[in-house]
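K.L.:
no sequence for this one, just the structure:
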């Protein structure tokens, strides 16, 4: 069997679970899609470009069904949740459709398809596993750990509540048990993901704070890293900042999509905030957690966004000096309130604004990386490329942020899957060059990691 996973890290977790379930049932995995008798496509349908990628990939996999070794083609994830039965009509090669919460039925569905059954299993998006399922890890020495599913916010542009349901948290005991299993497999970094990690535990019968969950996971992985992605700015609490500032295994890193800085655009998005208030929020976070690395993402071209709104956003990004920024062009999602708003921004203009904002951030990223030259930092060495090694620092999330290119020197040992202490020798916007200087043991708890100036 072969599997193609599209979209975010949360989708990656679902894909790894499907691979684990099928592997436990006796199916073997191949990396060569042309050889696979069973092909599974785990789709993303969050925004228009993601839907287009899902459809294009599905058409490519359908060709393997018509011309290659493929006997069974399964579509899972958000596109399955959105389209359901229509997928079978639009792509006759598809044998089964699994909704966003129905992937635990993958073994049953595949076995039925091998017997000639066509199945659409799309239920309400309410599933959340408690007992950790088998997983086939695909991310090397880092593992994503899903702590919750769904979202209860009312952002006007977002289809996630309809596709994934309302926010629901896993029990801490379940999260801890899965973390133990992942660490036993050699994982060095646990990355917590959810649609809104900062809402974790608020919905449980006995509410739990994300800060407490982090401390527990840090105790399980004292010499590694624990990182949090996908927070909401209104959910960044004092206790969360406190645990981020304690050093040790908890990365001083926050990923908080702010979406915009213009008050008018934010209100149209169903969100709160204004430029000065958002800057004060960031300043407060940085005061509480010295060396904090901040990632955010923004939407340009939202209905009603005029040139003044965009210039305000440009100026705000310059002043905020974020470490990492992602920029997306607004995509009208069927069934969302924003899809009906007037003032549609032409696609070409929105793409131009995206390029302008990324150019602003590129200069900021270069300056922040240049400030690291001469610093000594701890990095996780992940791979080798030619004579150099690639790794990430505490300020870099996997797959989306920058990397370190580490050049070995005589008298120092460096190995993939291990931490190393390095000295930064040069920098560009999206990478830094470094040389190893030590074994990468973690600093004592309570002392800050060497980090960047704010």
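P.N.:
Thanks, I have it. Everything numeric here is computed off the predicted structure, so don't read it as measured data.

K.L.:
so who does residue 66 touch?
P.N.:
residue 93 (C-beta atoms under 8 Å, 6 or more residues apart in numbering). To be clear about C-beta, it is placed using only N, CA and C from the backbone, and glycine gets the same treatment.

K.L.:
and it, helix, strand or coil?
P.N.:
Following DSSP: H, G, I helix; E, B strand; the rest coil, residue 66 is assigned to helix.

K.L.:
what residues does the helix or strand that residue 432 is a member of touch?
P.N.:
Residue 432 belongs to strand 431-438 when assigned by DSSP states H and E. Residues external to strand 431-438 that are found in contact with it (C-beta under 8 Å, 6+ apart): 369, 372-373, 376-377, 379, 402-409, 412-414, 420-427.

K.L.:
mind running it again at 10 Å?
P.N.:
By C-beta atoms under 10 Å, 6 or more residues apart in numbering, the residues outside strand 431-438 that reach it are 369-370, 372-373, 375-379, 381, 388-391, 393, 396, 402-409, 411-414, 419-427.

K.L.:
out of the residues you listed, which end up buried?
P.N.:
369, 372, 375, 377-379, 381, 388-391, 393, 396, 402-406, 414, 419-424, 427 (16 or more other C-beta atoms under 10 Å).

K.L.:
among these, name the ones in helices.
P.N.:
residue 369 (DSSP state H).

K.L.:
how about low-confidence regions in the stretch 351-454 of the chain?
P.N.:
In the predicted model, the stretch 351-454 of the chain carries pLDDT under 70 at residues 439-454.

K.L.:
and the spatially most central residue of the chain, what's its pLDDT?
P.N.:
Per C-alpha atoms, centre = their mean, the C-alpha nearest to the average position across the chain is that of residue 9, at 4.2 Å. Per-residue pLDDT puts residue 9 at 89.

K.L.:
can I assume it is in contact with residue 195?
P.N.:
No - counting by C-beta atoms under 10 Å, residue 9 does not reach residue 195; the two are 11.3 Å apart.

K.L.:
what is in contact with those two at once?
P.N.:
Common neighbours of residue 9 and residue 195 (C-beta under 10 Å, 6+ apart) are 146, 230.

K.L.:
and the helices in this protein?
P.N.:
Under DSSP H, the chain gives helices at 9-24, 48-67, 78-83, 86-90, 106-114, 160-164, 172-184, 210-220, 238-244, 263-269, 275-288, 307-320, 347-370.

K.L.:
those helices: which one's closest to residue 328?
P.N.:
Nearest of those to residue 328, taken as C-beta to C-beta: helix 347-370 at 7.5 Å.

K.L.:
now do the closest one: which elements does it pack against?
P.N.:
strand 293-300, helix 307-320, strand 324-329, strand 419-427, strand 431-438 (3 or more C-beta pairs under 10 Å, 6 or more residues apart in numbering; DSSP states H and E).

K.L.:
now do the contacts for residue 186.
P.N.:
Residue 186 neighbours (C-beta under 10 Å, 6+ apart): 137, 140-141, 143, 417.

K.L.:
swap in 8 Å and give it another go.
P.N.:
Applying C-beta under 8 Å, 6+ apart, we find residue 186 in contact with 141, 417.

K.L.:
from residue 15, how far out is the residue nearest to the centre of the chain?
P.N.:
Going from residue 9 to residue 15 by C-beta to C-beta, to the nearest Å gives 10 Å.

K.L.:
okay, now the unreliable bits of the stretch 51-200 of the chain?
P.N.:
In the stretch 51-200 of the chain (pLDDT under 70), no residue qualifies.

K.L.:
what's the first-to-last distance across stretch 420-434?
P.N.:
11 Å (C-alpha to C-alpha, to the nearest Å).

K.L.:
before we move on, what about stretch 69-79?
P.N.:
24 Å.
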